[in-house]
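In: Quick check, what structure comes out for this input:
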Amino acid sequence: MNEHFFDRNGYLELLRKRIGSLKDGYRQNMAILGDELVGKSSMILKFLDSFVDTRTLALYIEIRPEPLAGFARRFIGIMLYNFLLNSETPLKEDLEFLITKSSAYIPKTCEKIRAILAALEKRKKNNVFTELLGLCDLFYQETGKFCVVILDEFHHFESFGVKNLYAEWQKLLIVQKTTLYILVSSLKHKAKTILSKNLALLFGNFEIITVEPFDIKTSESYLRCRLDEARLDKGLVNFIVHFTGGIPFYLDILSQAFLHSKERTITDILEAMLLEPSGILHQRFSNYLNRFLDTPHNQDYLAILYQVASGHNKIKEISQILEKPKKELDPRLNHLLDFNCLSRSGDFVTLNDRVFGFWLKFVYQQKLHSLSFNGQNQKMLFRGKIEKMIQEFLANSQKPLTERVAELLRLFEDEVMQVERKKLRLNHFREIKPLAFNGRNLSEGLLGRSRDSIWIFAFKRDGITEDDIAEFARECKRYHHKLQRKIMVSLQEVDSNARLRALEEKIWTWDLNNLNRLLDLYSKPRIIA
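Out: Below you'll find the predicted structure:
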């Protein structure tokens, strides 16, 4: 199951800590959010695979669009099966069998279970959901065991058709001291809305953990670990990291393709996966689009996705191209945000799945608008676009960091984006020029002048220290403009002490993640270093 599981140690340690604290009387419910394919469920299952604790019962339940009765039977079955797992009883996946066997040990819990099932037989829904989750309290009273309830894709609760489900659950969450809930969702925007509006609690609140794709170093390590025999050159490894966005699923299937067919090029592999109708990614993305085809405004959704995939990330620009006023466009964008197709940052939207964006632009639209049924022509066009994209990436990767950032600054047109919960106006610069610093640690910089402010950049390839911050602050004092934006850019993670010093000096510190987020907004190749 977890043969190719890689990294995620920080998240696993946090799970261990939170579940361990439950027995000490400290309960911190968790919500684990992240894009599809980023590895949330794999991480949870990896954790459960090695989880051993005689005082804690862990229940992992995948939430599906189904009637409440279906969920109830699965919840009860999983609870009783896991309870009996370490007994000497030979188990069967049969609910009546599990209830009968468990009755000898937890009679009150089983009596309540039968009452819940009887209510569902009579098609009663009121209070059934909370009574179901309340079984954990009864179970604790009879066994002294704590429950950890993991609800994967919990947003599907809406399909149960239960009125006031979250309002009723909210009351239970406040008083349940011996049950820890871990909610998991791939619909980040929708899940955050539920957590902030429906499950915002003074006691029993949810700690939100966002699972990100692999960072650049982890992605490279993963590829090197998997592809040692294939011996790919550094430029190609960097391109794969850029192309996949660090999504473990894509890194995995590309690695497998290289290992099983060492003579094939990256172009051959992407053609087989994305262009061929039988390709794993072609089928996945075709099915993904089907969710919109039978919905109202389906053409609007497809048009928006295509425009963003084609590099039109500004909402104002999409509105102009599609000739739709913002009042009409906003509900469509919000729907795509709810379905986690897009993320929004100020005046921009971006696709959450980079590989899907490539397929949408170079496969789906190409076939849709093709005037010829000649498959060979389509293959040649597709291969040409892949090879051009690779060459552009490699050419950009040879440019100095200061040149890449200067090119990026020239694209600013007074748009607004969000960086670490702060809104940042990307001023249009009338002048951008290189800076040379005289300090011991800093040498390269940039100066950007807009109509009413200046931006001063300093660059460091290695980590930023407190001394670097102090030196940069002194350098900035040479400029007497009242409105200064001071930014230090590092290719490494910024030390926490340096971040604190930077806050004192009103200096922004950007690492590669911040920089690549900006490059994504303007559809420019990422920096892989």
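
In: who's in contact with Gly39?
Out: Contact partners of Gly39, counting by Cβ atoms under 8 Å, 6 or more residues apart in numbering, are Arg8, Val211, Pro248, Phe249. Backbone N, C-alpha and C define where each C-beta goes, glycine included.

In: One more: Arg354?
Out: So Arg354 contacts Phe243, Thr244, Gly245, Ile247 (Cβ under 8 Å, 6+ apart).

In: What of Asp338?
Out: So Asp338 contacts Leu187, His189, Lys190, Thr193 (Cβ under 8 Å, 6+ apart).

In: mind giving me TSV with those and columns for distance to Tyr222, neighbour count and secondary structure?
Out: Output for the contacts of Asp338, formatted as TSV (distance: Cβ to Cβ, whole Å; neighbours: other Cβ atoms under 10 Å; DSSP: H, G, I helix; E, B strand; the rest coil):
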residue	distance to Tyr222	neighbour count	secondary structure
Leu187	26	21	coil
His189	28	19	helix
Lys190	29	17	helix
Thr193	33	14	helix
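
In: Leu22 contacts Leu180, doesn't it?
Out: Yes. In this structure Leu22 lies within contact range of Leu180 using Cβ atoms under 8 Å: 4.9 Å.

In: More neighbours: which of these two?
Out: For Leu22 versus Leu180, neighbours defined as other Cβ atoms under 10 Å are more numerous around Leu180 (24 against 20).

In: Assign the more buried one to helix, strand or coil.
Out: strand (DSSP: H, G, I helix; E, B strand; the rest coil).

In: Across the sheet, point out what pairs with it.
Out: Val148 (DSSP bridges).

In: surely it meets Ile19?
Out: Yes. In this structure Leu180 lies within contact range of Ile19 using Cβ under 8 Å: 6.4 Å.

In: Need the overlap of contacts for these two.
Out: Val148.

In: ok so, going back, okay, the contacts of Asp338 in TSV with pLDDT next?
Out: Below are those laid out as TSV (pLDDT from 0 to 100):
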residue	pLDDT
Leu187	96
His189	93
Lys190	94
Thr193	93
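
In: Determine which two of those residues are furthest apart.
Out: Greatest spatial distance among the contacts of Asp338 (Cβ to Cβ): Leu187 and Thr193, at 9.3 Å.

In: Which residues does the helix ranked longest in the chain contact?
Out: Longest helix of the chain, by residue count under DSSP state H: helix 375-397. By Cβ under 8 Å, 6+ apart, the residues outside helix 375-397 that reach it are 235, 238-239, 242, 266-267, 270-271, 274-275, 358, 362-363, 366-367, 370, 372, 404, 524-525, 527-528.

In: in that helix, what's buried?
Out: Gln378, Phe382, Arg383, Lys385, Ile386, Met389, Ile390, Phe393, Asn396, Ser397 (16 or more other Cβ atoms under 10 Å).

In: Quick check: beta-bridge partners of Ile454?
Out: The partner residues for Ile454, given DSSP bridges, come to Arg449, Gln484.

In: Contact partners for it?
Out: Counted by Cβ under 8 Å, 6+ apart, Ile454 has contacts Leu447, Gly448, Tyr479, His481, Leu483, Gln484, Arg485.

In: Just the buried residues out of those, in PyMOL syntax.
Out: Command for PyMOL that selects the buried part of the contacts of Ile454, burial taken from 16+ other Cβ under 10 Å:
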select buried, resi 448+484+485
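
In: Just the closest of the contacts of Ile454 to Thr130, please.
Out: Arg485 (50.7 Å).

In: Next one: that closest one relative to Ile507, how far apart?
Out: 9 Å (Cβ to Cβ, to the nearest Å).

In: same thing with Val349?
Out: Applying Cβ to Cβ to Val349 and Ile507 gives a distance of 29 Å.

In: Kindly report the same for Leu195.
Out: For Leu195 relative to Ile507 (Cβ to Cβ), the value is 33 Å.

In: just Gln365 next, same as before
Out: On the measure of Cβ to Cβ, Gln365 and Ile507 end up 43 Å apart.

In: between the two, who's got more neighbours?
Out: Neighbours per residue, other Cβ under 10 Å: of Gln365 and Ile507, the larger number sits with Ile507, 23 against 15.

In: tell me the secondary structure for the residue lying closest to that one once chain neighbours are set aside?
Out: In space, and not counting its chain neighbours, Ile507 is closest to Lys486: 4.5 Å by Cβ to Cβ, 6 or more residues apart in numbering. Classification of Lys486 by three-state DSSP places it in strand.

In: switch to numbering from 755
Out: From this message on, residue numbering opens at 755, which makes the last subject Lys1240.

In: For Lys1240, list the residues it contacts.
Out: Contacts of Lys1240 (Cβ under 8 Å, 6+ apart): Trp1209, Ile1210, Phe1226, Ala1227, Cys1230, Glu1259, Lys1260, Ile1261, Trp1262.

In: can you pull the buried residues of the helix or strand where the third one lies?
Out: Secondary structure assignment for Phe1226, by DSSP states H and E: helix 1220-1230. Buried positions in helix 1220-1230, judged by neighbour count with 16+ other Cβ under 10 Å: Asp1222, Ile1223, Glu1225, Phe1226, Ala1227, Glu1229, Cys1230.

In: can I get those residues in a markdown table with pLDDT and distance to Val806?
Out: Shown next, in a markdown table, are the buried residues of helix 1220-1230 (pLDDT from 0 to 100; distance: Cβ to Cβ, whole Å):
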| residue | pLDDT | distance to Val806 |
| --- | --- | --- |
| Asp1222 | 92 | 46 |
| Ile1223 | 94 | 46 |
| Glu1225 | 93 | 51 |
| Phe1226 | 94 | 50 |
| Ala1227 | 93 | 52 |
| Glu1229 | 91 | 56 |
| Cys1230 | 91 | 55 |
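
In: Give me the pLDDT for the residue lying farthest from the centre of the chain.
Out: Here the centre of the chain is the reference, and by Cα atoms, centre = their mean the most remote residue is Ala858, at 44.4 Å. Looking at Ala858, its pLDDT stands at 94.

In: if we look at the lowest-mean-pLDDT helix or strand in the chain, which residues are touching it?
Out: The weakest-scoring helix or strand in the chain, judged by mean pLDDT, DSSP states H and E, is helix 1119-1123 (a mean of 76). Applying Cβ under 8 Å, 6+ apart, the set of residues contacting helix 1119-1123 from outside is Tyr1060, Gln1132, Leu1135, Phe1136.

In: gap between the one helix or strand the first one maps to and the chain center?
Out: Under the criterion DSSP H and E, the helix or strand holding Tyr1060 is helix 1052-1063. Relative to the centre of its chain, helix 1052-1063 is centred 21 Å away, using Cα atoms, centre = their mean, to the nearest Å.

In: same question, stretch 881-899
Out: 32 Å.

In: so where's the stretch 1005-1154 of the chain shaky on pLDDT?
Out: 1016-1017, 1123-1128 (pLDDT under 70).

In: try it again with 90
Out: 1013-1018, 1044-1050, 1119-1132 (pLDDT under 90).

In: now for the helix holding Tyr1060, which elements pack on it?
Out: The helices and strands touching helix 1052-1063, judged by 3 or more Cβ pairs under 8 Å, 6 or more residues apart in numbering; DSSP states H and E, are helix 1034-1047, helix 1069-1076, helix 1080-1092, strand 1096-1099, strand 1102-1105, helix 1108-1113.

In: ok, and what's touching that helix?
Out: Contacts of helix 1052-1063 (Cβ under 8 Å, 6+ apart): 1043, 1046, 1049, 1071-1072, 1075-1076, 1078, 1083, 1086-1087, 1089-1090, 1095-1096, 1103-1105, 1110-1112, 1114-1115, 1118-1119.

In: quick check: angle from that helix to helix 1069-1076?
Out: Angle of helix 1052-1063 versus helix 1069-1076, following axes from the mean of the first three to the mean of the last three Cα atoms, to 10 degrees, is 120 degrees.

In: what comes up buried for helix 1052-1063?
Out: Buried, per 16+ other Cβ under 10 Å, within helix 1052-1063: Asp1054, Tyr1055, Leu1056, Ala1057, Ile1058, Leu1059, Tyr1060, Gln1061, Val1062, Ala1063.
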